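[1] coordinates only, no sequence provided:
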């Protein structure tokens, strides 16, 4: 999947910034309304991290209060399903 420059989440447009040597592999900043990904990670990992950050966004928006481990497990399962069924193009 091509990582977009912008993504709409619950009516808000989040820029997706790819930064070299970012302090983490990814981060969503709800106050600034942006998602940052480390530019140096491989494509598959970027897709995975973007999905991870979007799950955090859903959790916050709906007040799910998912723990990091829960977000991680959801991301891993969903990414595997999407990848194995060629849904990430």
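    Received it, and whenever you're ready, just let me know what you need. On a predicted model such as this, the values are computed, not experimentally measured, just so you know.
[2] hey, let's count contacts and neighbours off CA atoms from now on
    Fine.
[3] tell me where this structure is predicted with low confidence.
    Across the chain, nothing is flagged by pLDDT under 70.
[4] can you give me the strands for it?
    6-9, 12-19, 26-29, 34-38 (DSSP state E).
[5] give me whichever of the ones you listed is most buried.
    strand 34-38 (a mean of 21; mean count of other C-alpha atoms under 10 Å).
[6] from the chain's centroid, how far away is that strand?
    8 Å (C-alpha atoms, centre = their mean, to the nearest Å).
[7] ok, and what's touching the biggest helix by length in the chain?
    Looking across the chain with DSSP state H, the single longest helix is helix 43-61. If you take C-alpha atoms under 8 Å, 6 or more residues apart in numbering as the criterion, helix 43-61 is touched by 1, 3, 9, 25-28, 30, 35, 37-38, 64-66, 71-72, 74-76, 79.
[8] list the buried residues for stretch 58-73?
    Going by neighbour count (16 or more other C-alpha atoms under 10 Å), the buried part of stretch 58-73 is 71-72.
[9] what residues are up against residue 75?
    Taking C-alpha under 8 Å, 6+ apart, we find residue 75 in contact with 48, 51-52, 55.
[10] compare those and tell me which has the most neighbours.
    residue 52 (23 neighbours; other C-alpha atoms under 10 Å).
[11] got the angle for the longest helix of the chain vs strand 34-38?
    Here the directions of helix 43-61 and strand 34-38 differ by 150 degrees (axes from the mean of the first three to the mean of the last three C-alpha atoms, to 10 degrees).
[12] now helix 43-61, how far from the chain's geometric center?
    Relative to its chain's centre, helix 43-61 lies at 2 Å (C-alpha atoms, centre = their mean).
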